[in-house]
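[1] For reference, the sequence and a predicted model appear below.
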Amino acid sequence: MDNPTAPKTNAQTDAISDVSAWVLRAGVILSSLVMLIGIIVTFAHGNISVARITTDGCDYRPDIIWNGILRGEGKRIIEAGIYLLLFTPIMRVFASSILFAFQERDRLYTAITLVVLILTLAGLLWIG
Amino acid sequence: MTEASQSILWLSEVAGASFVAGVVGSISGLGGGIVIVPVLTILMHVPIERAIGASIVSVIAVSSGAGSVYVKDKITNVRIAMFLELFTAAGALLGAGYLSRHINPESLYILFGLMLLVSLIPIFARLGQELPDGIQNDRIASSLRLNGSYFDKRLGREIQYNVTGIPAAIGIMFAAGIISGILGIGAGVVKVLAHEVAMKVPTKVSTATSNFMIGVTAAAGAGVYLRRGLVLPFLVVPVAIFVLVGAFLGTRIMERLSNSLLRKIFALLLAIVGIQMLIRGLGGKY
């Protein structure tokens, strides 16, 4: 490294910023659209009461969600949208680890982002 | 009124509150639970665990939606975020996977509330300051190249800044992760504090970088709520979509505020969250 005290711009991480911004935007737009379709399908099939809105929980198992989507169930479509949203920040971390590894060739930050990725996936999918 | 119009009216009220939460959350870097949880519990009579389940999803939406703007506009310090996410994620797993079985949430809420109220003191000490002055990079910050710059739309110029206090920030972020893991909250307020008080970066960089980080912490914590059936799909739709709309508006406002006004807004919200956590610790359900 050259002079560490000299103020540097963020130029070196510009590509990572741009890709992160794109992944985040794509994730929120896609997940919102899927959730919107899900709620429209739900109400098209009949009303749901306020009592049901405040008690009916998500099913997290992918096979149940997938089979429900194939049957055109609004609730399962919404759950798929929620999963897309939950995976949005994780995809952002994944994309940056790829860029740190192959574009910036920065081993330290590749390692950091990979560990964050593993810890986050562990929390979302298994632990607790 | 028919049952259908009742449900739609109810969901519209949730949507309105979520819009406000999105604006507040994206401006302050706190995510939005600060508005969503009390509105859902007090006004809409949703049980607190399910309100927190909805708020976790909203935090991810705000973090991603507002994040896409702040990152593109280069206000977020991506390197600081990536480095510190390591400690929040590790803390969150330790909290959710192990400590949550051994720590009483009520006492943690009280401890957390008191901690937040005490941390108002260093915030007040430089409440009116626009930009940090005379900060030198510490050793870790220079070897990880954490210092940066952003274009301040209000001041109309590029602001260069250095970063200090990384060891303290690491400790605070680890604690923030533990708190998120046990209590199921994004703990955005602790992340802004670490940026503001320990690392002394400009406030806009604090809130944008904290905003960027909370989505990852919340995603790690969301699993617990999903598996316990505490994420309600029909409730989450208006929450997620309308916090997003609010978040996009909030980014436009935040970039035009002065750093000192932003810090005052943060101080106010810090006090509110501190009191909110104390109330929860004393058995209040919101």
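    Happy to help now that I have it.

[2] all contacts plus neighbour counts: C-alpha atoms, from now on.
    Fine.

[3] Next SSE downstream of the lowest-mean-pLDDT helix or strand in chain B?
    In chain B, the helix or strand scored least confidently by mean pLDDT, DSSP states H and E is helix B:33-38, which has a mean of 87. Where DSSP states H and E defines the elements, the next helix or strand beyond helix B:33-38 is helix B:48-72.

[4] and that following helix, does that touch chain A?
    Yes: for a cut-off given as Cα under 8 Å from any Cα of the partner chain, helix B:48-72 has contacts with chain A, namely B:R50, B:V57, B:I60, B:A61, B:S64, B:G65, B:G67, B:S68, B:V69, B:V71, B:K72.

[5] The closest residue to the first one other than its chain neighbours in helix, strand or coil?
    Pointing back at B:R50 there. Leaving out its chain neighbours, the residue that sits closest to B:R50 by Cα to Cα, 6 or more residues apart in numbering or on different chains is B:L230, at 4.9 Å. Look at B:L230: counting by DSSP: H, G, I helix; E, B strand; the rest coil, its state is coil.

[6] can you pull the contacts of B:L230?
    Going by Cα atoms under 8 Å, 6 or more residues apart in numbering or on different chains, B:L230 touches A:G57, A:C58, B:E49, B:R50, B:G53.

[7] since we're on the residue nearest to the last one when sequence neighbours are not counted, how many residues are nearby?
    What sits nearest to B:G53 in space, not counting adjacent residues and going by Cα to Cα, 6+ apart, is B:V231, at 4.9 Å. In terms of burial, B:V231 registers 32 neighbours under the definition other Cα atoms under 10 Å in any protein chain shown.

[8] what does the one 5 residues further on give?
    The tally of other residues near B:V236 (other Cα under 10 Å) stands at 27.

[9] So it versus B:L155, what's the distance?
    38 Å (Cα to Cα, to the nearest Å).

[10] can you check A:V50 too?
    Applying Cα to Cα to A:V50 and B:L155 gives a distance of 48 Å.

[11] again, but for B:S149
    13 Å.

[12] How about B:R126?
    Counting by Cα to Cα - B:R126 and B:L155 are separated by 19 Å.

[13] any idea which helix or strand carries B:E158?
    Going by DSSP H and E, B:E158 is in strand B:157-161.

[14] So for that strand, mean pLDDT?
    For strand B:157-161, mean pLDDT is 95.

[15] List the neighbouring strands of it plus their orientation.
    Strand B:157-161 has these partner strands in its sheet, going by DSSP bridges: strand B:148-152 (antiparallel).

[16] Could you give me the buried positions within the strand it pairs with?
    B:G148, B:S149, B:Y150, B:D152 (16 or more other Cα atoms under 10 Å in any protein chain shown).

[17] Tell me if I'm right that the second one and B:I159 touch.
    Yes: judged on Cα atoms under 8 Å, B:S149 makes contact with B:I159 at a distance of 5.3 Å.

[18] joint contacts of these two?
    Common neighbours of B:S149 and B:I159 (Cα under 8 Å, 6+ apart) do not exist.

[19] Residues of the stretch 101-250 of chain B that sit close to chain A?
    B:136-137, B:142-143, B:145, B:147-149, B:160-162, B:215-217, B:219-224, B:226-227, B:229-235, B:237, B:240-241, B:244.

[20] Sketch out the low-pLDDT regions of chain B for me.
    B:1 (pLDDT under 70).

[21] Can you show me the helices along it?
    Assigned by DSSP state H, the helices in chain B fall at B:3-28, B:33-38, B:48-72, B:78-97, B:105-118, B:120-125, B:139-143, B:166-183, B:188-193, B:203-227, B:233-254, B:259-281.

[22] what does stretch A:86-93 contact?
    Outside stretch A:86-93, the residues touching it (Cα under 8 Å, 6+ apart) are A:20, A:23-24, A:27-28, A:113-114, A:116-117, A:120-121, B:57, B:60, B:64, B:215-216, B:219, B:222.

[23] Low-confidence stretches in chain A?
    Across chain A, the ranges flagged by pLDDT under 70 are A:1-13, A:127-128.

[24] Residue for residue, what is the longest helix it has?
    helix A:14-44.

[25] how many other residues sit next to residue 118?
    No chain was given, so I picked chain A. By other Cα under 10 Å, neighbour count at A:I118 equals 15.

[26] ah, I was thinking of chain B
    When counting by other Cα under 10 Å, one arrives at 13 neighbours for B:V118.

[27] Likewise for the one 4 residues further on?
    Applying the criterion other Cα under 10 Å, we find 13 residues in the vicinity of B:P122.

[28] now do B:R252
    Counted with other Cα under 10 Å, B:R252 comes out at 16.

[29] show me what contacts the residue lying closest to B:A15 once chain neighbours are set aside?
    Take B:A15 and drop its neighbours on the chain: the residue closest to it by Cα to Cα, 6+ apart is B:P238, 5.0 Å away. Applying Cα under 8 Å, 6+ apart to B:P238 gives the contacts B:L11, B:S12, B:V14, B:A15, B:S18.

[30] Relative to B:L226, how far out is B:P238?
    B:P238 is 18 Å from B:L226, by Cα to Cα.

[31] follow-up on the earlier one: any chance of the helices of chain B in CSV, plus distance to A:G81?
    Output for the helices of chain B, formatted as CSV (distance: least, Cα to Cα, whole Å):
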stretch, distance to A:G81
helix B:3-28, 17
helix B:33-38, 20
helix B:48-72, 11
helix B:78-97, 24
helix B:105-118, 31
helix B:120-125, 38
helix B:139-143, 38
helix B:166-183, 23
helix B:188-193, 24
helix B:203-227, 13
helix B:233-254, 9
helix B:259-281, 30
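
[32] and of these, who's closest to A:L99?
    Across the helices of chain B, A:L99 has its closest neighbour in helix B:78-97 (12.8 Å, Cα to Cα).

[33] Summarise which helices and strands that closest one is packed against.
    If you count contacts as 3 or more Cα pairs under 8 Å, 6 or more residues apart in numbering or on different chains; DSSP states H and E, helix B:78-97 packs onto helix A:107-125, helix B:166-183, helix B:203-227.

[34] So which of those is the most surrounded?
    helix B:203-227 (a mean of 29; mean count of other Cα atoms under 10 Å in any protein chain shown).

[35] helices or strands up against that helix?
    Using 3+ Cα pairs under 8 Å, 6+ apart: helix B:203-227 touches helix A:74-102, helix A:107-125, helix B:3-28, helix B:48-72, helix B:78-97, helix B:166-183, helix B:188-193, helix B:259-281.
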